[in-house]
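Novice: Pasting a predicted model and its sequence here:
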Amino acid sequence: MDIAGAAAGNHPGLAGGRSAGKGEYMKIWHAAAALVLLGSVPAQASQPLAHTAAGWAQGSRADGVSTYLGLPYAAPPVGDLRWRPPQPARPWAGIRAATHFAPACMQTGVSMPGETPPKISENCLYLNIWTPAKAATARLPTMVFIHGGGFSNGSASMPLYWGDKLTRKGVVVVTVGYRLGAFGFLALPELTRESPQKTSGDYGLQDQIAALAWVKNNIAAFGGDADRVTIFGQSAGAMSVSALMASPLARGLFQRAIGESGGVFEPNQLAPTWLLAGAERQGQAYASSLGAGSLADLRRLPAPRLLQGEASTITHPVLDGYVLPRSPYDAFAQGRQNDVPILVGSNEEEARALVDVSAVKASTFAGDIKKTWGALPPALLDAYPHVTDAEARTGRVEFERDLRFGWDMWTWARLQAATGRQPVFYYHFNQQPPFPATSIYAGWGASHFAELWYAFDHLDQESWPWTKADRFMAKVMSTYWTNFAKTGDPNGPSLPRWPKFTSSRGAVLYLGTPISIGGVADLRTLKGFDAVYAQVRGAPVGPEARTARRQDPAW
C-alpha cells in the first residue's frame with residue numbers, strides 16, 4: 001500500500017484529482033498513520049535509521065545530532081508532472097542513504113551575495129532534517145524553514161540554514177526545497193484549463209504545502225511532534241509564510257509562524273500580474289519568448305532552456321482562486337487567516353544590501369524607481385527627501401526599506417492583532433554584524449538577511465571579528481526562536497522580556513545593543529504608505545473584522 005499516497009495524495013494541495021474535505025482528509029490521514037511503523041533512532045548509532053511512509057532512511061549522527069539529507073517529500077516534477085501539483089513520493093525498497101544534499105531547484109544567480117552557486121536540477125523536491133532525538137517517542141517541536149531568494153533562486157542546503165545549532169536547543173529543524181521561477185509560478189490559459197480547479201501558477205506554494213503534509217505524516221519517526229510545527233522563512237520565505245497563513249490548503253499543517261523581512265500585503269491593484277488573468281498574460285509572453293506555441297511545446301523543452309527568454313518575469317505566487325482564494329491582506333483583514341501565533345519583523349537597514357547607492361542621483365530619483373517598480377503614487381516618493389544626491393541616496397534606501405519590508409511586517413502584525421485570536425510578537429533588528437571592510441557586505445550594517453547568522457546561531461561559519469555583544473545576540477535570538485517553536489511564546493528564563501504586540505499597545509522588541517522595547521520604527525513614512533494604499537484599495541478594514549469569518553466554500 002502506498003501510505004504516502006493514502007495519507008497525503010487526497011490533500012487538496014497535493015493531488016491532481018478530486019479534493020478531499022478537511023474531515024475526510026483527516027480520516028484518511030489517521031487511518032494511514034496507524035499503518036505506518038515508526039522506526040526509532042538508536043541511542044548510540046553512528047548511522048541512525050528512521051522509517052518514513054515511503055521506506056527506511058539512514059542518516060548520520062555526530063555530536064548528539066542526527067542528520068537526514070535529501071529525503072524526497074514528493075515525486076520528481078519532471079516530464080508530464082512539470083507544472084502540475086506535487087505528487088506523493090515514490091516508495092523505495094531497502095534502506096535509502098540520506099547523507100547528501102539533493103540538488104536545488106532550477107534557477108539562475110544566487111540568493112545571497114558571495115554564495116556558492118548550488119548544483120541544480122528539475123528533480124528537486126527534497127527536504128533535510130536535523131534532530132537531537134534519540135527515539136521516535138521524543139515528540140520535539142519542529143521548525144520548517146522556507147528559504148528566500150525572490151522566488152527565483154535559493155537553496156535548502158545553504159550552510160547558513162543548517163539546523164545543527166538550533167536543534168541543540170531541543171527542536172527538530174527541517175529545510176525544504178520548492179520549485180522556483182517559471183518552474184514554480186508559471187500561469188497559462190492552457191494550464192488553467194487542464195487543472196481540475198481551473199487555475200495555475202502556484203506550484204511552488206503547493207510544494208511547500210506538500211512538504212508540510214509530509215512533515216505531519218512522517219516527522220514522528222525523527223522524534224518530532226506533528227502537532228507543534230513552526231513554519232519560518234526569510235525574504236521570499238517569509239512571503240511564503242504569509243501566503244501559507246492565507247491558504248485554506250495549509251490549514252492545520254502548522255501551529256506557529258515566523259516571518260523575517262517579507263510579506264504579501266500590498267494592494268492587488270498595484271500588481272496586476274499577481275492576479276490570475278495578469279499572470280496568464282505574462283506566462284504567454286514568456287512562452288512566446290522561448291518560441292513555444294503550446295503547453296506541449298513547453299513541456300518538451302529541456303529544463304535549462306526554460307531559464308532563458310523572459311524567465312526573469314515569472315517571480316512570484318498568484319492569487320489563483322484555489323491555493324490563494326484571496327490575498328493575504330484580505331484573508332487577515334476578514335479574519336480568515338490560519339490563526340496561529342506569529343513572530344515577525346524586519347531589519348533597520350534592509351535595503352543597504354539591495355540598492356547600489358553609488359548610482360543614485362537626485363535628478364533621476366523618481367525615474368529610477370519607476371523603472372524598477374513601475375508607476376507608483378507620487379505621494380509615496382514625496383515622503384523621502386531627494387533634493388540633493390546625498391538625500392537621494394538615503395531616501396532611496398529608506399524608500400525600499402519601507403516598500404519591500406517595513407510596511408508589510410507592520411501590516412502583518414497589526415492585522416493579526418486586530419482579527420486573530422493568537423498572539424503577535426514583533427521585532428526590529430538593528431544589530432550591525434562586524435562585516436570586514438574587505439567583505440562583499442562591507443558597510444551594509446543591519447541589512448537584509450543580516451539577522452540570519454544570529455537567528456541560526458551560526459556566527460562561527462564566518463571568521464569575522466564577532467564581539468561579546470554579537471555572541472549574546474546569537475544566543476538570545478536563537479533561544480527566542482526555539483522558545484516560540486516550543487510554546488508559541490518566545491519568552492523564557494534569563495531573556496529580556498518580549499511583550500506582545502496588540503492593537504492598543506504596539507510594542508516592538510529592538511534586537512540590538514542593548515535589547516530594548518519601543519514603538520514601531522519609521523512610523524511616519526509607514527503611515528504614508530498606509531494612507532496611499534487605503535486610497536488604492538478604496539475600503540480599509542478595521543478591527544471589527546474579527547467577527548467577519550463566515551461560511552466559505554474555500555474553508
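Specialist: All right, it came through fine. These numbers were taken from a predicted model, which means no experiment stands behind them.

Novice: Which strand or helix spans residue 51?
Specialist: Secondary structure assigned from DSSP states H and E places residue 51 in strand 49-52.

Novice: same question, residue 443
Specialist: Per DSSP H and E: residue 443 is located in neither a helix nor a strand.

Novice: ok, it - how many residues close by?
Specialist: 11 (other Cβ atoms under 10 Å). Where you see a C-beta, it was placed from the backbone N, CA and C, and this is true even at glycine.

Novice: I'd like to know how far it sits from residue 432.
Specialist: In this view, residue 443 and residue 432 are 10 Å apart by Cβ to Cβ, to the nearest Å.

Novice: now do residue 355
Specialist: Relative to residue 432, residue 355 is positioned 17 Å away (Cβ to Cβ).

Novice: what distance separates the longest strand seen in the chain from the middle of the whole chain?
Specialist: Ordering each strand of the chain by length in residues (DSSP state E) puts strand 224-234 first. Relative to its chain's centre, strand 224-234 lies at 12 Å (Cα atoms, centre = their mean, to the nearest Å).

Novice: who's in contact with residue 112?
Specialist: By Cβ atoms under 8 Å, 6 or more residues apart in numbering, the residues touching residue 112 are 158, 160, 449.

Novice: where does the second one fall, phi/psi-wise?
Specialist: Looking back up the chat, that one is residue 160. phi -60, psi -30 (degrees, to the nearest 10).

Novice: my guess is it contacts residue 462, does it?
Specialist: No - Residue 160 is not in contact with residue 462 according to Cβ atoms under 8 Å; the separation is 9.3 Å.

Novice: same for the strand holding residue 51, what does it pack against?
Specialist: Secondary-structure packing of strand 49-52 (3 or more Cβ pairs under 8 Å, 6 or more residues apart in numbering; DSSP states H and E): strand 55-58.

Novice: residues in contact with the strand it packs on?
Specialist: Counting by Cβ under 8 Å, 6+ apart, residues outside strand 55-58 touching it are 39, 47-51, 68, 71, 91-99.

Novice: Now a PyMOL select for only the buried ones of those.
Specialist: Buried residues within the contacts of strand 55-58, by 16 or more other Cβ atoms under 10 Å, are selected in PyMOL with:
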select buried, resi 39+48+49+50+51+68+71+96+98
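
Novice: from the contacts of strand 55-58, which ones fall inside helices?
Specialist: Using DSSP state H, the subset of those located in helices is empty.

Novice: Name the strands paired with the strand holding residue 51 and say parallel or antiparallel.
Specialist: Using DSSP bridges, the strands paired with strand 49-52 are strand 55-58 (antiparallel).

Novice: Show me what secondary structure element comes after the strand it pairs with.
Specialist: According to DSSP H and E, the helix or strand after strand 55-58 is strand 60-62.

Novice: ok now that next one, how far from the chain's centre?
Specialist: Centroid displacement of strand 60-62 relative to its chain, using Cα atoms, centre = their mean, is 28 Å.

Novice: With stretch 474-492 instead?
Specialist: In terms of Cα atoms, centre = their mean, the centre of stretch 474-492 is set 19 Å apart from its chain centre.

Novice: With stretch 363-375 instead?
Specialist: Distance, stretch centre to chain centre, for stretch 363-375: 28 Å (Cα atoms, centre = their mean).

Novice: What are the buried residues along that stretch?
Specialist: In stretch 363-375, counting by 16+ other Cβ under 10 Å, buried: 365, 368-369.

Novice: okay, the contacts of residue 112 in a markdown table with distance to residue 519, pLDDT and neighbour count next?
Specialist: Below are the contacts of residue 112 laid out as a markdown table (distance: Cβ to Cβ, whole Å; pLDDT from 0 to 100; neighbours: other Cβ atoms under 10 Å):
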| residue | distance to residue 519 | pLDDT | neighbour count |
| --- | --- | --- | --- |
| 158 | 34 | 97 | 21 |
| 160 | 31 | 97 | 16 |
| 449 | 25 | 95 | 21 |
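
Novice: from those residues, which is closest to residue 64?
Specialist: Of all these, residue 160 has the smallest distance to residue 64: 21.3 Å, by Cβ to Cβ.

Novice: Return the residues in contact with the closest one.
Specialist: 112, 452-453, 456, 458, 461.

Novice: Including distance to residue 221, pLDDT and secondary structure, could these go into JSON lines?
Specialist: Listed next are the contacts of residue 160 as JSON lines, based on distance: Cβ to Cβ, whole Å; pLDDT from 0 to 100; DSSP: H, G, I helix; E, B strand; the rest coil:
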{"residue": "112", "distance to residue 221": "32", "pLDDT": "91", "secondary structure": "coil"}
{"residue": "452", "distance to residue 221": "29", "pLDDT": "98", "secondary structure": "helix"}
{"residue": "453", "distance to residue 221": "31", "pLDDT": "98", "secondary structure": "helix"}
{"residue": "456", "distance to residue 221": "24", "pLDDT": "98", "secondary structure": "coil"}
{"residue": "458", "distance to residue 221": "27", "pLDDT": "98", "secondary structure": "coil"}
{"residue": "461", "distance to residue 221": "29", "pLDDT": "96", "secondary structure": "helix"}
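
Novice: Adding distance to residue 206, write those out as CSV.
Specialist: Converted to CSV, these look like this (distance: Cβ to Cβ, whole Å):
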residue, distance to residue 206
112, 25
452, 26
453, 31
456, 27
458, 30
461, 32
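
Novice: For the residues you listed, pick the one with the most neighbours.
Specialist: When neighbours are taken as other Cβ under 10 Å, the top entry among the contacts of residue 160 is residue 456 (24 neighbours).

Novice: so that one makes contact with residue 478?
Specialist: Yes - in terms of Cβ under 8 Å, residue 456 counts as a neighbour of residue 478; the distance is 6.8 Å.

Novice: quick one: common contacting residues for those two?
Specialist: Going by Cβ under 8 Å, 6+ apart, residues that sit against residue 456 and also against residue 478 are 165-166.

Novice: re earlier: for the contacts of residue 112, which one is nearest residue 379?
Specialist: For the contacts of residue 112, the closest approach to residue 379 (Cβ to Cβ) belongs to residue 449, at 29.7 Å.
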